[in-house]
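# Fold the stuff below for me.
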Amino acid sequence: MGKISAIVKRRKAVRNIRKITRTMELIATARFKKAMDRATAADAYVRRMAALVRDLGASAASAGHPLLTPRPEPKRALMLVLTSNRGLCGGYNSNVLRLARRVYTEASIPMDLEVSGKRGIAFCKFQGIKPLRTYTHFEDKPRFSEVDEIAGRYLSMFLSGEIDRLEVVYTRFINTARQTAEHVTLLPLTSLVLPSTRKPAFGEPDEALKKHAEYEFIPSMQDILDELVPAAFKVGLYKAFLDAAVSEQVGRMIAMKGATENAGSLLKYLNRNYNRARQAQITSQICEIIGTVEALK
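The predicted model follows:
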């Protein structure tokens, strides 16, 4: 009887867990769809902006723009790592933190660290690394105004010479079946105008955007670049936050779906064991009754 009661208690616990994981799966699915719509809506704008800066940066007249010019001898870099505030999202956080740790330890120049997300903050504390700044207010709906605030600070630090490079480690959303942890250099924006073995900061341009275009500038190219290049950097950083948000929801949706399916399989196994134990108990009771009747004869 003790075995049956233990199976009943465990079966009840598994049912409750399955309800929780199923609910979390539905919530993550709804958030994923909204986050993907925001990321998809921004993708075309970011690619067009990158293509425009790429065309302008390729001309000789724009070679002297400070945001497009690599520093010959960089002395200090800053790395921003994008993680989540909550877990239960598969390998989303571990993949980003593994890549960030490798980039941080292999850096050839001194590198400061800024972290977004409680999981990344906890990892830095465990590793004994003190971030320069931390952010916990970026959830599944990052707002451009929030990103614009830190982007403006990064631009000021770069232009003043406080940092010579800005690295971002985040999860790039490709499709629902593929999200990859990536390391990109957002400042200077050399990946837009110079050949590089590293992946472009804003993704591969569409075929229609690869053709070089000629522009007529009014009032001047420099004035337009002074407005366009910082804007391209800001939307590129914003796109990284959007990709990280949608990738987190995909990871949580897949993880909770797997947990729900595993709970269902475990429940079937427990039901089978319960039925077997119950049948054995009934058989034992019948044998006892028959033995008692035979003894009374």
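
# Can you verify my assumption that residue 96 contacts residue 179?
No - using Cβ atoms under 8 Å, residue 96 is not in contact with residue 179, being 10.2 Å away. (Each C-beta comes from the backbone N, C-alpha and C, glycine too.)

# Between those two, point out the one with more neighbours.
residue 96 (27 against 23; other Cβ atoms under 10 Å).

# Do you know the pLDDT at the more buried one?
If you check residue 96, the pLDDT there is 93.

# What sits closest to it if chain neighbours are left out?
residue 181 (4.8 Å; Cβ to Cβ, 6 or more residues apart in numbering).

# for the one you found, phi and psi?
The phi and psi values for residue 181, taken as degrees, to the nearest 10, are phi -80, psi 130.

# Tell me how far the spatially most central residue of the chain lies from residue 71.
Nearest to the geometric centre of the chain sits residue 244, at 3.3 Å (Cα atoms, centre = their mean). Relative to residue 71, residue 244 is positioned 27 Å away (Cβ to Cβ, to the nearest Å).

# And residue 269, by the same measure?
61 Å.

# doesn't residue 81 make contact with residue 112?
No - applying Cβ under 8 Å, one finds residue 112 not in contact with residue 81, separated by 11.5 Å.

# Look at these two and report which has more neighbours.
Taking neighbours as other Cβ under 10 Å, residue 112 and residue 81 compare with residue 81 leading, 29 against 17.

# Confirm for me that that one is in contact with residue 100.
Yes - using Cβ under 8 Å, residue 81 is in contact with residue 100, at 4.5 Å.

# Helices along the stretch 51-200 of the chain, start to end?
92-105, 118-127, 144-159, 190-193 (DSSP state H, counting those that start in this stretch).

# Residues touching the longest one, excluding its own?
This means helix 144-159. With contact meaning Cβ atoms under 8 Å, 6 or more residues apart in numbering, helix 144-159 is reached by 66-67, 78, 135, 137-138, 162-164, 166, 186-188, 230, 233-234, 237-238, 241.

# quick one: which of these sit in strands?
78, 135, 166, 186-187 (DSSP state E).

# Let me have those residues in JSON lines, extended by distance to residue 19.
Below are the ones in strands among the contacts of helix 144-159 laid out as JSON lines (distance: Cβ to Cβ, whole Å):
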{"residue": "78", "distance to residue 19": "44"}
{"residue": "135", "distance to residue 19": "33"}
{"residue": "166", "distance to residue 19": "44"}
{"residue": "186", "distance to residue 19": "43"}
{"residue": "187", "distance to residue 19": "47"}
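
# Select from these the one having the most neighbours.
residue 187 leads the ones in strands among the contacts of helix 144-159 on contacts (other Cβ under 10 Å) with 28 neighbours.

# any low-confidence regions in the stretch 51-200 of the chain?
56-64, 191-200 (pLDDT under 70).

# show me the contacts for the residue nearest to residue 96.
Counting by Cβ under 8 Å, 6+ apart, the residues that residue 181 touches are 95-96, 98-99, 169-172.

# Okay, strands next: where are they in this structure?
With DSSP E as the criterion, the chain has strands spanning 77-82, 111-116, 133-135, 165-175, 178-187.

# got those strands as CSV, with distance to residue 151 columns?
Output for the strands of the chain, formatted as CSV (distance: least, Cβ to Cβ, whole Å):
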stretch, distance to residue 151
strand 77-82, 10
strand 111-116, 12
strand 133-135, 13
strand 165-175, 10
strand 178-187, 9
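
# of the ones you listed, which approaches residue 4 most closely?
strand 178-187 (44.9 Å; Cβ to Cβ).

# Direction included, what does that closest one pair up with?
Applying DSSP bridges to the sheet, strand 178-187 is found paired with strand 165-175 (antiparallel).

# Could you figure out how far the partner strand is turned away from helix 118-127?
With axes from the mean of the first three to the mean of the last three Cα atoms, to 10 degrees defining the directions, strand 165-175 sits at 130 degrees from helix 118-127.

# got the angle for strand 165-175 vs helix 92-105?
Going by the same axes, to 10 degrees, strand 165-175 makes 150 degrees with helix 92-105.

# Residues contacting strand 165-175 from elsewhere in the structure, which ones?
Counting by Cβ under 8 Å, 6+ apart, 36, 39, 71, 74, 77-82, 92, 95-96, 99-100, 103, 109, 111, 154, 158, 179-188, 203, 237, 240-241, 243-244, 246-248, 250 sit against strand 165-175.
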